[in-house]
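*Asks:* Can you look at this prediction? I've put the sequence above it.
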Amino acid sequence: MSTPPQTQGRVTVRTLRTMRHDQQPITMLTAYDFPTAEILDAAGVDVLLVGDSLGMVVAGHPDTLSVTVEQMIYHGEMVARAARRAMVVIDLPFPEGSRRPQRTLDVAAKILKATSAQAVKLEGGVEQAERIACLVGAGIPVMGHIGLQPQSVHVDGGYGVKRDVDAIVADAEAIEQAGAFAIVIECVSREIGRAVTGALTVPTIGIGAGPDVSGQVLVTHDLIGLYGGHRAKFVRRLADVRGEMRRAAEEFVGAVQSRDYPNDGESFR
Ligand code: KIV
């Protein structure tokens, strides 16, 4: 029997497992819209994360807490429609990841049905094991997220580095056992990133977790210099899209004000 068309060439949970096994680094970037997803997919990014970071870098809020299920569906559908090869993972927004397992399952199923994405991501450790097992048992692939958990920013009192190695390893082991296919580790020392990866068989994807993990994720708006807010130590900025956009807008303003735009070639006859 031939492979069904929707999985041909697509990065799947099996691909990520094999990449970890073969020690081939996994790449993941956030995407919130069609053109960005098209570009990142064509660039060979393995996983596109429709992160609830969109509340900060797209909507301009100070944290991710205001993001709704409807917004995740709106953005997730655009990204999933653009992605040809990359796996598309959608964040379960606050507080959907903390509801009764059946309610979390209903919301995750609604998101995947409406967007055609492949998986959801859920923040939290030991306390999420039952919910993750419920989703996985119903056929929904779940990516975990431990270490710094932005949805808990007010409980934690800020976005600091997480240092309790025993608690973080226990979180990782609990959600791996519950069936998570990969785990994001955010803002921990490189030693903790290595310890968690060594304790697991599923891929670990680090953001500010050092190099000794199975892959790396960044928020695309940080990578390309579009976000104007706080820049964390681990961010590598590889473009200045904010500067370039400003330059183009200023040039447009100047051209219109000086009546240089539109010229004859840019006008209909
Ligand atoms: O929402 C997001 O973009 C994330 C990444 C920081 C991993 O969860």
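*Replies:* Right, received. Where do you want to start? Numbers count the residues shown, from 1 in each chain.
*Asks:* can you pull the buried residues of stretch 80-89?
*Replies:* By neighbour count with 16 or more other CB atoms under 10 Å, stretch 80-89 contains the buried residues Ala80, Ala82, Ala83, Ala86, Met87, Val88, Val89. All C-beta spots, glycine's among them, are computed from the backbone N, C-alpha and C.
*Asks:* which one among these gets closest to Val107?
*Replies:* Nearest to Val107, judged by CB to CB, of the buried residues of stretch 80-89 is Val89 at 15.0 Å.
*Asks:* Ignoring the adjacent residues along the chain, who's closest to that closest one?
*Replies:* Using CB to CB, 6 or more residues apart in numbering and skipping the chain neighbours, the partner closest in space to Val89 is Ala119 (4.6 Å).
*Asks:* Report the separation between the one you found and the ligand.
*Replies:* In this view, Ala119 and the ligand are 13 Å apart by CB to the nearest ligand atom, to the nearest Å.
*Asks:* That residue: neighbouring residues, count only.
*Replies:* Using other CB atoms under 10 Å, the number of residues around Ala119 comes to 24.
*Asks:* try the one 4 residues further on
*Replies:* Close neighbours of Glu123, defined as other CB under 10 Å, add up to 24.
*Asks:* Pairing partners for it in the sheet, please.
*Replies:* His145 (DSSP bridges).
*Asks:* Strands of the chain, start to end?
*Replies:* For the chain, applying DSSP state E gives strands covering 26-30, 47-50, 87-91, 119-123, 142-147, 182-186, 204-207, 215-218.
*Asks:* Of these, which is nearest Ala248?
*Replies:* Relative to Ala248, the nearest member of the strands of the chain by CB to CB is strand 26-30, separated by 23.2 Å.
*Asks:* Pick out the residue in this structure sitting closest to the ligand.
*Replies:* Closest residue of the chain to the ligand, CB to the nearest ligand atom: Gly51 (2.3 Å).
*Asks:* and the nearest residue to Ile175 once chain neighbours are set aside, what is it in contact with?
*Replies:* In space, and not counting its chain neighbours, Ile175 is closest to Gly144: 4.1 Å by CB to CB, 6+ apart. Residues counted as contacts of Gly144 (CB atoms under 8 Å, 6 or more residues apart in numbering) are 121-122, 124-125, 128, 132, 172, 175-176, 180, 182-184.
*Asks:* Can you lay out the strands of the chain as JSON lines showing mean pLDDT and distance to Gly157?
*Replies:* Listed next are these as JSON lines, based on pLDDT from 0 to 100; distance: least, CB to CB, whole Å:
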{"stretch": "strand 26-30", "mean pLDDT": "99", "distance to Gly157": "25"}
{"stretch": "strand 47-50", "mean pLDDT": "99", "distance to Gly157": "25"}
{"stretch": "strand 87-91", "mean pLDDT": "98", "distance to Gly157": "22"}
{"stretch": "strand 119-123", "mean pLDDT": "98", "distance to Gly157": "17"}
{"stretch": "strand 142-147", "mean pLDDT": "98", "distance to Gly157": "16"}
{"stretch": "strand 182-186", "mean pLDDT": "98", "distance to Gly157": "16"}
{"stretch": "strand 204-207", "mean pLDDT": "98", "distance to Gly157": "20"}
{"stretch": "strand 215-218", "mean pLDDT": "98", "distance to Gly157": "24"}
